[in-house]
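Trainee: Pasting a predicted model and its sequence here:
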Amino acid sequence: MNFDDVLAAGRAEGELVFTPDWAQGRATFGGIIAALVFDRMEKIVAPGRAMRSMQVSFVGPVTPGVPVEIDADILREGKAVSQVQGRILQEGEVKLVCLASFGGDRESTVAVSPLPAPEATPVDACQGLPYIKGMTPEFTQHIEMRWAFGSFPFSGKGGRDMGGWMQFRERPEEISDAHIVALVDAWPPALLPHLKERVPASSLSWALDIMHPRPAMAPGDWLLYKATIDQAGAGYGHTQAGIWTSKGELVALSRQTVTVFG
């Protein structure tokens, strides 16, 4: 199932089962889980309110092949902003909790230009992360990443920055905010190039802000991602990232707290 197929399945009534091709180790890829919860939340807010900020807690792993429930509730709907909560449940247990703020435009005299995109090696000159069954996460057969900053995971080369270009391998019909949610979470934690051997690592919490009005993006466009480690130690790391279009327009800002077992 490609991403659009999973998105359509998530919008249908009843339970949803994630297929193994979206796995990340023994769990399901967190980006697609968060994207489906976001999509459910987006559908219940008042028209004209874009997602401004979202906080995700990955409470527990979602097992592929086992049905999940997705629910979303409006906590408060004001004149301009809707506060929404979403959840993923599997076998009666909460696996993901999400809080998001959706807001309509306001008149304001404040206007500050967004952060510029960093200089990056062109896509065609960047090394890609191929999908290799049993070596790379299963979900990478759906999402392509090409390294422009830093080193590959488990290379032992260290560094503070990591990232590059990203897009879906199978071109979607459009690029919605849900597609952006899934793409941003595809990148491995920026801590992993500090390790010389494979060890488990996972996102503990994630905050994502999407800029609106959002830059125009065609389904085949590449997005640029660059993450920076703020601090890491005692098994945890704190990173921040920016996401830009190929034209250098700011799309989103991301922050993660990561656990690493090595």
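Mentor: Cool, the structure landed.
Trainee: contacts and neighbour counts: CA atoms only from here.
Mentor: Will do.
Trainee: Name all residues that make contact with the residue nearest the centre of the chain.
Mentor: By CA atoms, centre = their mean, the chain has its centre lying nearest to Asp185, at 2.8 Å. By CA atoms under 8 Å, 6 or more residues apart in numbering, the contact set of Asp185 is 30-31.
Trainee: so what's the closest residue to Pro20 other than its chain neighbours up against?
Mentor: Nearest residue to Pro20 in three dimensions, chain neighbours excluded: Pro64, at 5.6 Å (CA to CA, 6 or more residues apart in numbering). Neighbour list for Pro64: 17-20, 22-23, 26-28 [criterion: CA under 8 Å, 6+ apart].
Trainee: Could you do Thr109 as well?
Mentor: Residues in contact with Thr109 (CA under 8 Å, 6+ apart): none are found.
Trainee: Now do it against Arg87, distance only.
Mentor: In this view, Thr109 and Arg87 are 37 Å apart by CA to CA, to the nearest Å.
Trainee: just Pro213 next, same as before
Mentor: 27 Å.
Trainee: neighbour-wise, which of these two wins?
Mentor: Using other CA atoms under 10 Å as the criterion, Pro213 and Arg87 rank with Arg87 on top: 24 against 9.
Trainee: tell me what the helix or strand where that one lies is packed against?
Mentor: Applying DSSP states H and E as the criterion places Arg87 in strand 81-90. Judged by 3 or more CA pairs under 8 Å, 6 or more residues apart in numbering; DSSP states H and E, the packing partners of strand 81-90 are helix 30-42, strand 68-77, strand 93-103.
Trainee: The shortest one: which residues count as buried?
Mentor: Going back to what we said before, that points to strand 68-77. Within strand 68-77, the residues that count as buried by 16 or more other CA atoms under 10 Å are 68-70, 72.
Trainee: Looking at those, spot the one nearest Ala46.
Mentor: Ala72 (13.9 Å; CA to CA).
Trainee: Quick check: bridge partners of the nearest residue to that closest one once chain neighbours are set aside?
Mentor: Counting by CA to CA, 6+ apart, Ala72 lies nearest to Gly86, which is 4.1 Å off, once chain neighbours are set aside. Note on Gly86: beta-bridge partners by DSSP bridges are Ala72, Cys98.
Trainee: who are the neighbours in contact with the closest residue to Thr228 other than its chain neighbours?
Mentor: Excluding its sequence neighbours, the residue lying closest to Thr228 (CA to CA, 6+ apart) is Asp161, at 4.5 Å. Residues near Asp161 by CA under 8 Å, 6+ apart: 149-150, 190, 226-229.
Trainee: Lys79 now?
Mentor: Contact analysis of Lys79 by CA under 8 Å, 6+ apart lists nothing.
Trainee: Does it belong to a helix, a strand or coil?
Mentor: Look at Lys79: counting by DSSP: H, G, I helix; E, B strand; the rest coil, its state is coil.
Trainee: Would you mind checking which of the buried residues of strand 68-77 is nearest to Gly134?
Mentor: Using CA to CA, Val68 comes nearest to Gly134 of these, at 25.0 Å.
Trainee: mean confidence score for stretch 48-60?
Mentor: The average pLDDT within stretch 48-60 is 97.
Trainee: Show me what counts as buried in that stretch.
Mentor: Neighbour counts over stretch 48-60 (16+ other CA under 10 Å) mark 49-58, 60 as buried.
Trainee: Let me have the residues you listed in TSV, extended by distance to Glu138 and secondary structure.
Mentor: TSV is the format used below for the buried residues of stretch 48-60 (distance: CA to CA, whole Å; DSSP: H, G, I helix; E, B strand; the rest coil):
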residue	distance to Glu138	secondary structure
Arg49	34	coil
Ala50	31	strand
Met51	29	strand
Arg52	30	strand
Ser53	28	strand
Met54	26	strand
Gln55	25	strand
Val56	22	strand
Ser57	22	strand
Phe58	19	strand
Gly60	19	coil
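Trainee: out of the contacts of Asp161, what pair is the most spread apart?
Mentor: For the contacts of Asp161, and using CA to CA, no pair is farther apart than Phe149 and Ile229, which are 12.7 Å apart.
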